[in-house]
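In: Sequence and predicted structure below; questions after.
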Amino acid sequence: MTQVDHTRMANAIRGLAMDAVEKANSGHPGLPMGAADIATVLFTKFLKFDAADTAWPDRDRFVLSAGHGSMLLYALLYLTGNKDMTLDQIKRFRQLGSLTPGHPENFHTKGIETTTGPLGQGIATAVGMALAEKMLAAEFGKKIVNHHTYVLASDGDLMEGISQEAIALAGVWRLNKMIVLYDDNGISIDGPTSISDSVDQVKRFKSAGWAAELIDGHDPQAIAAAITRAQKSSKPSMIACKTTIGYGAPHKAGTAKAHGEALGADELKAAKEKLGISLEPFSVPDDVLKAWREAGARGAAEHKAWDEQFAQLGNRKRAEFERRIRHERPQSLAKGLRAFKKGLLENPLNVASRKSSEAAIEVIAAAMPMEFVAGSADLTGSNNNKAKSATAFGAKTPKGRFIHYGIREHGMAACLNGIFLHGGFAPNGATFLVFTDYARPAMRLSALMGTGVVYVMTHDSIGLGEDGPTHQPVEHLSALRAIPNMRVFRPCDAVETAECWELALNRIDGPTVLALTRQNLPQLRTTAPNDNPCSHGAYELVAAQGDAKVSLFASGSEVQIAVEAQKQLAGRGIATRVVSVPSLELLLAQPAERQNAIIGNAPVKIAIEAAVRWGWDAVIGHDGEFIGMHGFGASAPAKDLFPHFGITAEAVVNAATKRV
């Protein structure tokens with residue numbers, strides 16, 4: 001191994017970060033400069049990885065929760081020999097089409113474990129990764145699954161509320177393979193963190209069940225010793241590394257000026273001179289680069305040994321592991337759901353869609369007993385997403401496949417991202433639909449990253465009744481539909497619910513929301529074709545007798561209202577069809593020919609949904625009729641609320657007859 005002084009290794013990170021931010025005239029040089037010593041120790045002495053294979057299943061995960069310091073990560077990828085991260089990419093930092101965007105994007109650049117930038121998301125997502133490691137190791141053994149999850153977190157990460165949710169969960173689950181390196185530089189954009197924060201983070205983490213200590217973040221021996229202690233701990237560990245932001249900059253180090261802007265030519269030159277870095281932009285001494293490349297190849301031998309160990313698994317177990325890492329669903333899932341739907345046609349299930357979802361989950365859990373991981377934010381009995389066979393996951397029960405997240409919707413959603421990104425599991429989490437407000441930042445990241453997470457969101461409208469407008473979602477369907485790559489399903493009965501579950505589980509390039517009712521629904525479907533009508537977003541449920549004069553479009557619990565209205569209109573001689581729309585955005589994503597065929601050309605188009613109108617004009621037109629909500633709900637039994645707000649078959653009939 002090439003012997004190079006630690007300081008010169010760390011300065012390679014600092015130099016590249018300073019130069020890239022300066023060239024872009026945009027970015028955050030302070031964190032990479034301050035945290036370079038931490039990263040150098042971690043990557044050269046501890047992190048288990050193989051730069052030649054960023055997808056090795058048993059690699060350690062490194063999450064840069066402080067995503068604004070992205071040049072730290074890009075410098076490390078280049079220095080360690082990631083084949084995609086060339087010096088040219090470093091020079092194109094923050095430029096269109098480069099692999100070095102402003103914040104790390106795992107869907108864009110290989111070697112990045114998760115997308116970060118919104119503070120707090122990284123550390124919370126990492127909890128999901130560490131959780132997945134613990135579950136998978138319990139199932140396949142530590143010879144196959146035995147890695148750490150490291151997080152580099154900033155002051156801002158720990159200020160965000162989601163961090164408290166995350167560290168509390170990691171503590172109660174005793175995720176001892178999770179190690180957080182806290183870049184404790186005491187500076188935020190507005191100035192010293194003391195102007196807004198006085199938390200003792202070491203005491204905070206200890207109170208949540210972590211091992212925690214404070215060290216000098218510029219002392220490589222102290223950093224190495226602390227990581228060694230953390231690796232031996234029976235608890236998750238937090239190492240507060242006291243650092244100087246913008247380390248080496250003569251005038252801006254230790255100030256907010258080093259945080260979120262280029263140093264400027266004079267300060268850059270002075271910093272390089274002080275640190276002993278070449279003034280030539282983007283230059284790394286040959287011996288330093290060689291030493292870094294050797295660090296990147298250090299894990300190749302361990303990777304090879306793992307491959308050999310993996311090859312010794314039985315064929316069936318090896319194939320199972322590989323299938324699950326690929327997020328490929330077992331054939332038994334489709335077979336089981338087909339049989340389930342056939343049974344529904346023979347014995348209709350007239351229950352709330354949260355209950356028909358529960359019935360579908362029994363089938364799913366039987367087909368995917370170890371990979372189907374469900375959980376709830378303290379609403380298990382209401383969300384109905386716990387299979388009868390499922391046991392609770394815990395520190396002493398790592399084979400449990402139901403997770404109690406407590407009242408932590410945001411932390412739950414981030415954990416789900418981490419579980420999926422780790423690989424090996426099909427995660428879902430549940431709460432009330434209205435509480436997606438608490439989870440939205442992590443849900444948005446799920447859509448951005450394309451994680452195949454399922455959100456089981458029950459109590460989906462005023463139909464939840466007496467809890468009133470604080471709990472009755474009216475704008476939430478529209479808000480979720482507005483997120484690119486987020487798929488929202490609102491099934492109308494037990495058959496649709498099973499079909500939507502199947503589509504959700506087979507979607508591994510983006511998240512799905514299942515919006516489910518509290519109130520009972522009649523089973524409307526009498527057929528269950530193999531092509532799954534819900535896959536088109538909408539389909540004709542009831543055909544008109546003759547040329548349709550009216551098309552009724554509805555989702556979820558309002559489909560039954562549309563069906564009743566159709567009967568009344570037909571009785572008046574008005575030919576009417578009913579189109580069930582379990583996924584409005586999926587309908588609008590269909591090719592024009594199919595979309596037009598589903599929407600049809602009836603002169604009168606009416607949409608019915610116990611939510612706000614937003615989005616429906618794409619189907620019914622600006623002059624179409626909408627029967628739904630125009631404000632917040634109220635506290636009353638559901639049977640009183642629908643008439644009160646005018647969401648009835650009679651209202652539909654009146655609207656139609658006025659237009660025909």
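Out: Sure thing, it's come through.

In: element containing Leu181, please.
Out: Using DSSP states H and E, Leu181 sits within strand 178-184.

In: Give me the residues contacting that strand.
Out: Contacts to strand 178-184, defined as C-beta atoms under 8 Å, 6 or more residues apart in numbering, come from residues 31, 34-35, 38, 42, 66, 69, 123, 126-127, 130, 148-155, 158, 170, 201, 205, 214, 217, 227, 230-231, 236-243. All C-beta spots, glycine's among them, are computed from the backbone N, C-alpha and C.

In: can you map out the strands along the stretch 351-500 of the chain?
Out: Counting by DSSP state E, counting those that start in this stretch, the stretch 351-500 of the chain has strands at residues 372-376, 402-404, 426-432, 454-458, 487-489.

In: so what strands line up beside the third one?
Out: Under the criterion DSSP bridges, strand 426-432 sits next to strand 372-376 (parallel), strand 454-458 (parallel) in its sheet.

In: Go through it and flag the buried ones.
Out: Going by neighbour count (16 or more other C-beta atoms under 10 Å), the buried part of strand 426-432 is 426-432.

In: of those residues, closest to Pro281?
Out: Pro427 (44.2 Å; C-beta to C-beta).

In: To Glu650, which of the strands paired with strand 426-432 lies closest?
Out: That would be, of these and by C-beta to C-beta, strand 454-458, which comes in at 27.9 Å.

In: how many other residues sit next to Arg94?
Out: 18 (other C-beta atoms under 10 Å).

In: Pull the contacting residues for it.
Out: By C-beta under 8 Å, 6+ apart, the neighbours of Arg94 are 24, 26-27, 100-102.

In: One more pass at 6 Å, please.
Out: Listed by C-beta atoms under 6 Å, 6 or more residues apart in numbering, the contact partners of Arg94 are 24, 26, 102.

In: Return the residues in contact with the last one.
Out: Spelled out, it's Gly102. Arg94.

In: Roughly how far does it sit from Gly122?
Out: Using C-beta to C-beta, to the nearest Å, we find Gly102 at a distance of 15 Å from Gly122.

In: Same check on Tyr182?
Out: For Tyr182, the distance to Gly122 - C-beta to C-beta - is 12 Å.

In: Give me the common contacts of those two.
Out: In contact with both Tyr182 and Gly122: no residue, using C-beta under 6 Å, 6+ apart.

In: ok so, going back, now list the buried members of the contacts of strand 178-184.
Out: Applying 16+ other C-beta under 10 Å to these flags 31, 34-35, 38, 42, 66, 69, 123, 126-127, 130, 148-155, 158, 170, 201, 205, 214, 217, 227, 230, 236-243 as buried.

In: Please narrow those to those residing in strands.
Out: 149-153, 214, 237-242 (DSSP state E).

In: nearest to Arg324, of these?
Out: When those are compared against Arg324 (criterion: C-beta to C-beta), the nearest one is Thr149, at 18.6 Å.

In: contacting residues around the closest one?
Out: Counting by C-beta under 6 Å, 6+ apart, Thr149 makes contact with 61, 126, 129-130, 178.

In: coming back round to it: now the ones in strands among the buried ones among the contacts of strand 178-184 as JSON lines including pLDDT?
Out: Below are these laid out as JSON lines (pLDDT from 0 to 100):
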{"residue": "Thr149", "pLDDT": "99"}
{"residue": "Tyr150", "pLDDT": "99"}
{"residue": "Val151", "pLDDT": "99"}
{"residue": "Leu152", "pLDDT": "99"}
{"residue": "Ala153", "pLDDT": "98"}
{"residue": "Leu214", "pLDDT": "98"}
{"residue": "Ser237", "pLDDT": "99"}
{"residue": "Met238", "pLDDT": "99"}
{"residue": "Ile239", "pLDDT": "99"}
{"residue": "Ala240", "pLDDT": "99"}
{"residue": "Cys241", "pLDDT": "99"}
{"residue": "Lys242", "pLDDT": "98"}
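
In: Adding distance to Arg318, write those out as a markdown table.
Out: Listed next are these as a markdown table, based on distance: C-beta to C-beta, whole Å:
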| residue | distance to Arg318 |
| --- | --- |
| Thr149 | 24 |
| Tyr150 | 28 |
| Val151 | 31 |
| Leu152 | 34 |
| Ala153 | 36 |
| Leu214 | 44 |
| Ser237 | 33 |
| Met238 | 36 |
| Ile239 | 36 |
| Ala240 | 41 |
| Cys241 | 40 |
| Lys242 | 46 |
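
In: Please identify which of the residues you listed is nearest to Arg92.
Out: For these, the minimum distance to Arg92 (C-beta to C-beta) is 23.4 Å, reached by Leu152.

In: Report the beta-bridge partners for that closest one.
Out: Leu64, Leu181.

In: Next, the angle strand 237-242 makes with the strand holding Leu181.
Out: Per axes from the mean of the first three to the mean of the last three C-alpha atoms, to 10 degrees, the angle that strand 178-184 makes with strand 237-242 is 20 degrees.

In: quick one: buried residues of strand 178-184?
Out: 178-184.

In: how about the helices of the stretch 451-600 of the chain, start to end?
Out: All helices of the stretch 451-600 of the chain, identified by DSSP state H, counting those that start in this stretch, fall at 476-481, 494-505, 559-571, 584-588, 592-599.

In: Deepest-packed of the ones you listed, please.
Out: helix 494-505 (a mean of 26; mean count of other C-beta atoms under 10 Å).

In: pLDDT averaged over that helix, what's the number?
Out: For helix 494-505, mean pLDDT rounds to 98.

In: From the contact counts, what lies against that helix?
Out: helix 331-346, helix 353-367 (3 or more C-beta pairs under 6 Å, 6 or more residues apart in numbering; DSSP states H and E).

In: repeat that for 8 Å
Out: Helix 494-505 makes packing contacts with helix 331-346, helix 353-367, strand 454-458, strand 487-489, strand 512-515 when contacts are defined by 3 or more C-beta pairs under 8 Å, 6 or more residues apart in numbering; DSSP states H and E.

In: so which of these comes closest to Arg92?
Out: Comparing these by C-beta to C-beta, strand 487-489 comes nearest, at 33.3 Å.

In: Tell me the neighbouring strands of that closest one, and mark each as parallel or antiparallel.
Out: strand 512-515 (parallel).

In: on that earlier part again, so which of the buried residues of strand 178-184 comes closest to Ser389?
Out: Ser389 lies nearest to Met178 out of these, by C-beta to C-beta, at 28.3 Å.

In: any idea how far Met629 is from the closest one?
Out: Remark: distance between Met178 and Met629 (C-beta to C-beta) = 43 Å.

In: what's the answer for Arg594, then?
Out: Distance from Arg594 to Met629, by C-beta to C-beta: 29 Å.

In: again with Leu73
Out: 45 Å.
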